[in-house]
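model the following, please.
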Amino acid sequence: MTEVTQIEYTQEEQHAALVHFFNLASGHCHSGARVAAGILLGLYNGPRFPFDLTDLRLLDQRHFGMAMALLDMDRRPVMEVHALLDLLYGRNDFGARFEHLAHLWKMKGRCKKEWLQPVERIGELQMGGAA
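Below is the predicted model:
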């Protein structure tokens, strides 16, 4: 068997990928955005939102690398992805935002619209700043 090269991602790269994928999934409607939503929701709650790995084929090289950074971040998680976004942006509503994301993309396992908690519009997240 040949030796496998392990790629290391910095915490900054992982956080940047998380923020980029959240923005992508929240504000766009193409296949890459759907895959970004699927990855995020799978990390948020894998049993409710299973992710089909063949969907990774839809990503360009840049976004595929970001997906790998997210998977690397989550293989030994310090905290859940929505909690990390709460921490990074000084909020406490990203759990509800992930539920809205599931509803937006009509993901299997999503909750009914009437069960969604209202969330204010925040626009695109910026790295290192408040939402």
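
my guess is K108 contacts F49, does it?
Yes - the pair K108 and F49 passes the contact test of C-beta atoms under 8 Å, sitting 7.4 Å apart. All C-beta spots, glycine's among them, are computed from the backbone N, C-alpha and C.

all helices for the chain, in order.
With helices called from DSSP state H, the chain shows them at 11-27, 31-44, 61-74, 81-89, 94-104.

most packed of those helices?
Stretch with highest mean neighbour count among those: helix 31-44 (a mean of 22; mean count of other C-beta atoms under 10 Å).

so which elements touch it?
Contacts defined by 3 or more C-beta pairs under 8 Å, 6 or more residues apart in numbering; DSSP states H and E place helix 31-44 against helix 11-27, helix 61-74, helix 81-89, helix 94-104.

ok, residues contacting that helix?
18, 21-22, 24-25, 27, 48-52, 55-56, 58-60, 63, 67, 70-71, 74, 80-82, 98, 101-102, 104-105, 107 (C-beta atoms under 8 Å, 6 or more residues apart in numbering).

likewise stretch 54-62?
Applying C-beta under 8 Å, 6+ apart, the set of residues contacting stretch 54-62 is 31-32, 34-35, 38, 64, 67.

do the same with stretch 88-108
15, 19, 25-26, 34, 37-38, 40-41, 44-45, 48-50, 81-83, 85-86, 109-111, 113, 116-117, 119, 125, 129-131.

spatially central residue in the chain, please.
The residue lying closest to the centre of the chain (C-alpha atoms, centre = their mean) is L40, at 2.7 Å.

for this structure, give me the ranges with low pLDDT.
1, 129-131 (pLDDT under 70).

C111 - nearest residue in space that isn't next to it in sequence?
In space, and not counting its chain neighbours, C111 is closest to E99: 5.8 Å by C-beta to C-beta, 6 or more residues apart in numbering.

check S26 too.
S26 sits nearest to L101 (C-beta to C-beta, 6+ apart), 6.5 Å away.

gap between the one you found and H28?
Distance, L101 to H28, using C-beta to C-beta, to the nearest Å: 12 Å.

equivalent analysis for R48, please.
Taking C-beta to C-beta, one finds R48 at 23 Å from H28.

many thanks, we can stop here.
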